[in-house]
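Trainee: Below are the sequence and a predicted model; questions follow.
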Amino acid sequence: MTAVLAIGSHPDDIELGCGGTLARHVPSGDDVYMLVITTGEAGPSIVSARVREQLAAAEILGVPRGRLFRGELPDGRVSNYELDLVHTIERAITQTQAEVVYSHGNLDSHQDNRAVAEATWGAARQARRVLCYDSPSSHSFNPSVFVDITSTVDKKCEALNAHSSQVGNSTMASTSLVMTQAGYRGFQARVEAAEGFMPHRLLLDV
């Protein structure tokens, strides 16, 4: 059994980037936690709705509300709070004793995502596996590690659909595009559907 922590800047980031992978961890007996740094208040919905959507999405993936943490930093201005951000991630890693950490990559056009990526690298300096996931705002993302999500891609889409305020108002939160991407990553990994990751650190158990 392994402690796993997924980190996202905004509600729905984790579902888009590694929702299918988290849904694979849960039935394997791993302890899965989620840390969402902002409430997404700069997006097309009110905070209370986005919080409810995030709770619903986490439960669909098999993550109970007691394992969903919120950072409560300001949406769009996370990079202005670098030290608070690092400490927020450090506290989550310490509390969960996470050995596997999923987070944003730094090759991203969204400033919050870049800040979270770099803060994670510092905060997770003792974690054995730190993997960066893809997001709709990523660029030059070339994964070399893949997880087969053939059995969980539908659950990934269901969790994303729980973020109804985003799915209805943002082309980036699109289940059809998620399915297209999962199929392409699956083609790369020689399976039906996959999520791809760029490893920051990957300790192999041999």
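Mentor: Here it is on my side, so go on. What you see is a predicted model, and the numbers here were worked out from it, not measured in a lab.

Trainee: doesn't V47 make contact with D75?
Mentor: No. Contact criterion CB atoms under 8 Å: D75 and V47 do not qualify, at 9.2 Å. To be clear about C-beta, it is placed using only N, CA and C from the backbone, and glycine gets the same treatment.

Trainee: Mind listing the shared neighbours of those two?
Mentor: Shared contacts of D75 and V47 (CB atoms under 8 Å, 6 or more residues apart in numbering): T39, G40, E41.

Trainee: Show the pLDDT at A49.
Mentor: Here the pLDDT value assigned to A49 is 84.

Trainee: So it: helix, strand or coil?
Mentor: The three-state assignment at A49 reads helix, by DSSP: H, G, I helix; E, B strand; the rest coil.

Trainee: With N106 instead?
Mentor: The three-state label given to N106 by three-state DSSP is coil.

Trainee: Roughly how far does the residue nearest to it when sequence neighbours are not counted sit from I37?
Mentor: Nearest residue to N106 in three dimensions, chain neighbours excluded: A117, at 4.1 Å (CB to CB, 6 or more residues apart in numbering). A117 is 11 Å from I37, where distance means CB to CB, to the nearest Å.

Trainee: Looking at the two, which is more packed in?
Mentor: I37 (32 against 20; other CB atoms under 10 Å).

Trainee: Just list the residues touching the more buried one, thanks.
Mentor: I37 sits in contact with I7, G8, S9, H10, R70, G71, L73, V78, L85, T88, D112, V116, where contact means CB under 8 Å, 6+ apart.

Trainee: For it, give its distance to Q181.
Mentor: 23 Å.

Trainee: Over to E118?
Mentor: The separation that E118 has from Q181, given CB to CB, amounts to 24 Å.

Trainee: Would you map the helices across the chain?
Mentor: Secondary structure of the chain (DSSP state H): helices at 13-25, 47-61, 82-96, 111-123, 153-161, 164-167, 175-189.

Trainee: export those helices to CSV and tack on distance to S144?
Mentor: Listed next are the helices of the chain as CSV, based on distance: least, CB to CB, whole Å:
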stretch, distance to S144
helix 13-25, 15
helix 47-61, 24
helix 82-96, 24
helix 111-123, 17
helix 153-161, 21
helix 164-167, 29
helix 175-189, 10
